[in-house]
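Asks: here you go, sequence then predicted model.
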Amino acid sequence: MDTSNRALITEIDGIRSSTPPGLLSNEEKDRLIERAFVGLYRWYVSRSQATRNWNPNTTIDWKNLRTDHSEKLNTILEGFFAVEQYVPDYVLTLLKVVRKSYGRSHFHIRWGSEEEKHSDLWENALLFSQFRTPEWIENYKESLRSNQWELPWDSPLHMIMYTVIQERATQVNYLNAGLIAQGKSGDPDFQNDIDPVLAHASQLIAIDEAAHYNFFMEGARLYLYYYPAQALEAMQDVIQFFAMPAGSLIPDYDKFAEVVAAASVYGPREHLRDVVDVALKNLNIEGRKKLRKGIEKYRQVPDMGGNLRDTAIFDLLDYDGVEKKVEKLFGRIEKYEQQVGFDKIFPTVFVPSGY
Ligand SMILES: [Fe+2]
Ligand SMILES: [Fe+2]
């Protein structure tokens with residue numbers, strides 16, 4: 001497998017030789033995407049350090065975590081712990097695919113450092129809940145780590161779409177777990193699970209997931225703007241085949257999936273309504289069904305020098321809306337660069353796609 005940005009360039013090579021006048025070349029688009037990723041990554045790190053610099057051991061009052069949660073809530077916490085156990089694989093595998101992009105790879109390392117805290121946080125939740133013995137947790141960890149997670153897609157473009165959906169799904173999971181801990185779930189099975197310490201932990205981690213979702217969404221939008229057809233196709237592929245990471249590796253994942261679905265924490269309904277539909281709306285894509293049908297139709301249209309295919313795709317996307325948001329992102333980067341002084345040396349400047 002080609003694990004560099006070449007993979008993306010090869011994917012989009014279909015229209016390389018036939019860039020109509022007025023449109024940017026692929027080299028120029030790739031350069032703009034990369035500049036925006038670097039700018040966004042710098043902005044992100046500053047923000048992360050200033051507002052989300054929590055510690056998984058000392059920020060949370062673990063000594064006061066309840067030790068009498070319901071079995072269902074404990075099953076949910078164990079599932080969260082299990083999914084976040086594969087952080088080394090999440091980092092390693094995707095890093096190989098995006099390593100040629102400074103912006104994406106450096107962000108990915110930062111992202112990994114935040115996910116590493118999530119793994120620590122859920123391990124602490126398990127330990128302090130005392131539902132299982134520390135020895136049980138050690139053995140469980142060992143059995144989880146005996147399997148290795150593999151990338152669902154080996155292209156940078158598909159992976160950014162995947163991470164948009166996956167981060168939003170994770171955020172929804174943690175937000176809903178937080179509602180249980182706040183006594184707001186509405187499910188009688190959890191009526192004795194109010195726990196301010198767990199509510200605090202869930203909130204901290206959900207805020208991180210929201211930040212991740214936002215970063216990946218801005219990145220996905222850059223591809224949607226500069227490579228609309230390829231990006232929409234990738235998004236459709238990802239939606240069609242999406243599965244939460246590590247589901248097939250975790251021994252008792254089915255039980256966890258059943259409990260989170262029944263508890264309205266995260267099931268098929270939440271996935272479509274609160275994850276996919278929300279992500280598509282944020283990306284100005286015209287909806288799930290329209291996207292699927294549009295891509296099916298689009299794939300039947302012969303690529304007449306790229307142009308026909310590109311016009312067919314614009315029905316599926318509020319392209320002006322996308323452009324406004326991309327311009328806004330460049331504006332945010334510009335402001336940040338002025339703050340530091342990058343603007344005087346090497347400013348990041350928005351260039352319209354020409355579509
Ligand atoms: Fe996480
Ligand atoms: Fe995350």
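Replies: Thanks, I have the structure now. Ligands and ions are numbered 1, 2, ... in the order given.
Asks: wouldn't residue 82 be in contact with residue 255 here?
Replies: No - the pair residue 82 / residue 255 is not scored as a contact, 11.0 Å apart, by C-beta atoms under 8 Å. All C-beta atoms are positioned from the backbone trio N, CA, C, and that covers glycine.
Asks: which of the two has more neighbours?
Replies: More crowded of residue 82 and residue 255, by other C-beta atoms under 10 Å: residue 82, with 23 against 13.
Asks: how near is that one to residue 119?
Replies: 10 Å (C-beta to C-beta, to the nearest Å).
Asks: so which bits of the lengthiest helix in the chain are buried?
Replies: When the chain is parsed with DSSP state H, its longest helix is helix 196-226. In terms of neighbour count (16 or more other C-beta atoms under 10 Å), helix 196-226 has its buried residues at 197-202, 204-226.
Asks: what's the answer for stretch 248-258, then?
Replies: Burial within stretch 248-258, assessed by neighbour count using 16+ other C-beta under 10 Å, is assigned to 249-250, 253, 256-257.
Asks: just stretch 285-294 next, same as before
Replies: Result for stretch 285-294 [16+ other C-beta under 10 Å]: buried residues 285, 291, 294.
Asks: what helix or strand is the last one on?
Replies: Looking back up the chat, that one is residue 294. In the assignment (DSSP states H and E), residue 294 maps to helix 288-300.
Asks: touching that helix from outside, list them.
Replies: With contact meaning C-beta atoms under 8 Å, 6 or more residues apart in numbering, helix 288-300 is reached by 229, 232-233, 235-236, 239-240, 272, 276-277, 280, 285-286, 309, 312-313, 315-316.
Asks: ok so, going back, closest to ligand 1 among the buried residues of stretch 285-294?
Replies: Of all the buried residues of stretch 285-294, residue 285 has the smallest distance to ligand 1: 24.6 Å, by C-beta to the ion.
Asks: Provide a list of residues in contact with the closest one.
Replies: When contacts are counted by C-beta under 8 Å, 6+ apart, residue 285 touches 224, 232, 235, 291, 316-317.
Asks: about what we covered before: just the buried residues of the contacts of helix 288-300.
Replies: Buried among the contacts of helix 288-300 (16+ other C-beta under 10 Å): 229, 232-233, 235-236, 239, 276, 280, 285, 309, 312-313, 316.
Asks: from those, which shows the smallest pLDDT?
Replies: On pLDDT alone, residue 309 ranks lowest of the buried ones among the contacts of helix 288-300, at 61.
Asks: can you tell me the SS state at the closest residue to ligand 2 within the stretch 1-150 of the chain?
Replies: Per C-beta to the ion, residue 115 is where the stretch 1-150 of the chain lies closest to ligand 2, at 5.5 Å. Per DSSP: H, G, I helix; E, B strand; the rest coil, the secondary structure class of residue 115 is helix.
Asks: residues in contact with it?
Replies: 84, 87, 90-91.
Asks: want to throw those residues into a markdown table with neighbour count, pLDDT and secondary structure?
Replies: Formatted as a markdown table, those follow (neighbours: other C-beta atoms under 10 Å; pLDDT from 0 to 100; DSSP: H, G, I helix; E, B strand; the rest coil):
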| residue | neighbour count | pLDDT | secondary structure |
| --- | --- | --- | --- |
| 84 | 22 | 94 | helix |
| 87 | 20 | 97 | helix |
| 90 | 22 | 96 | helix |
| 91 | 17 | 97 | helix |
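Asks: wait, which of the residues you listed is closest to ligand 1?
Replies: residue 84 (5.6 Å).
Asks: residues contacting that closest one?
Replies: By C-beta under 8 Å, 6+ apart, residue 84 lies in contact with 115, 118-119, 121-122.
Asks: do residue 205 as well
Replies: Applying C-beta under 8 Å, 6+ apart, we find residue 205 in contact with 118, 121, 174.
Asks: any idea how far the closest residue to it other than its chain neighbours is from ligand 1?
Replies: Nearest non-adjacent residue to residue 205, counting by C-beta to C-beta, 6 or more residues apart in numbering: residue 174, 5.1 Å away. Residue 174 sits 8 Å away from ligand 1, going by C-beta to the ion, to the nearest Å.
Asks: residue 174 should be in a helix, yeah?
Replies: Yes - assessed by three-state DSSP, residue 174 belongs to a helix.
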